[in-house]
Each structure stands twice: as C-alpha cells, then as structure tokens.
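J.: curious how this folds, go ahead:
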Amino acid sequence: MISAKIRIKVGSMELEYEGDPAFLTGGIEALLTTMGDLAGRIPNEPAQAAGIAIANSPPSELAGFHFSTNTIAAHLDAKTGPELVICAMAQLELVQGKSSSSRSEILAEMKSATTYFNTNIASNLSKSLSNLTKAKRINQVGAGSYSLSASEKKKVEVKVAEID
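T.: Numbering: from 1, shown residues only. All right, here's what the predicted structure looks like:
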C-alpha cells in the first residue's frame, strides 16, 4: 500500500500526517487555508485545525526530534555538570516525550553522553539539581522527580530544532 507523509508548520501550529495519499489531493488546500487563517488570529497559542487535536501528542511526535544526549550537548555547547543535566532532561522530554524524569533517569541519560560525562559530574548531581531548581531552570515536581521549566524548555526546543 502506498503511504504519504507530510509535516506542516504554520506559525505556532504544526501538523504531521501519514496515511492515504488521497488526502493530499483533496484536502490539503483547505487544511492549509484553515491553518493560515488560524495562525493569523492566534499566533502564540497551540491550535486545533479541522478537529485535529495536536496538543495530545507527545512532544517527540510533534517535533520529530531523534537526537542523543551527546548530540544535544554538542549543539548546546555543554561545558558544566548543570548544562549536561539540561541536555539530559531535554533528551528525556523532547525526544522520549516524558513529562518528568527521576534523578536516576537523568543520571543514566547523562552517562550516555560519553563525550561530556565524567565521575565528578555524577558526584555533584544533587548540587546541580538544587542550583538549577533555585535558578528556576528546572522544576522539582515530586521527591526526586524533575522537569524542565517552561521557559527553559522553550529555549532548548529552539536550539534543538536548529540541529541538522
């Protein structure tokens, strides 16, 4: 069976479609018109076009990110333990689609960045998490559970989206 796959971004809206190519010949123009109209009216809010709710999809499906922590750290120019924490959390949230991550998940992801990880970074993880929380770059959502703050997530998303 022939399948078509497209990804469209208009303003703050993004739509990914994979399926029957007949949709592309019959409905694509109407969809683009609707998305353009909506983008003009509500450019800073996630939108729903033609009954398609994109807000329920995990971030990795919307953004299409498939990068390792090593790659993210390289492009974010990570030089310190706290910067590697941010890169690991970006991988967990933007690539794996997690809404929050445990300390052990963050550490495991940091260890996967073999180019940047060393034992000193691991021994200072508690301090890094505490300082990042105080700086409002990450949120502690529960005992030993963390997520990127909304502002940090936006910053990282922009940088990760620029990776070739």
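J.: spatially nearest residue to the residue most central in space within the chain, not counting backbone neighbours?
T.: By C-alpha atoms, centre = their mean, the chain has its centre lying nearest to Leu94, at 2.5 Å. Counting by C-beta to C-beta, 6 or more residues apart in numbering, Phe65 is the residue found nearest to Leu94 once chain neighbours are left out, at 5.0 Å. Backbone N, C-alpha and C define where each C-beta goes, glycine included.
J.: on that earlier part again, pretty sure the residue nearest to the centre of the chain contacts Glu157?
T.: Yes - using C-beta atoms under 8 Å, Leu94 is in contact with Glu157, at 6.4 Å.
J.: thinking again about what came up before, can you pull the contacts of the residue nearest to Leu94?
T.: Contacts were defined as C-beta atoms under 8 Å, 6 or more residues apart in numbering; by that measure Phe65 touches Pro59, Leu94, Val95, Val160, Ala161.
J.: what two of those have the greatest distance between them?
T.: Put simply, by C-beta to C-beta the two of those set farthest apart are Val95 and Ala161, 12.3 Å from each other.
J.: look at these two and report which has more neighbours.
T.: Neighbour count, other C-beta atoms under 10 Å: between Val95 and Ala161, Val95 has more, with 22 against 12.
J.: which residue is the nearest non-sequential neighbour of that one?
T.: Per C-beta to C-beta, 6+ apart, closest to Val95 is Phe65, 4.9 Å.
J.: would you reformat the contacts of Phe65 as a markdown table and include secondary structure?
T.: Output for these, formatted as a markdown table (DSSP: H, G, I helix; E, B strand; the rest coil):
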| residue | secondary structure |
| --- | --- |
| Pro59 | helix |
| Leu94 | helix |
| Val95 | helix |
| Val160 | helix |
| Ala161 | helix |
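J.: all strands of this structure, in order?
T.: 4-10, 13-19, 48-49, 52-53, 101-102, 138-142, 145-148 (DSSP state E).
J.: got the domain ranges for the chain?
T.: 4-57, 61-161 (automatic domain parsing).
J.: and stretch 131-151, how far apart are its ends?
T.: In stretch 131-151, first residue to last residue: 16 Å (C-alpha to C-alpha, to the nearest Å).
J.: which one of the contacts of Phe65 is nearest Thr69?
T.: Nearest member of the contacts of Phe65 to Thr69, counting by C-beta to C-beta, is Val95, at 8.8 Å.
J.: tally of neighbours for the residue nearest to Ala113 when sequence neighbours are not counted?
T.: In space, and not counting its chain neighbours, Ala113 is closest to Thr69: 4.1 Å by C-beta to C-beta, 6+ apart. Thr69: 26 surrounding residues under other C-beta under 10 Å.
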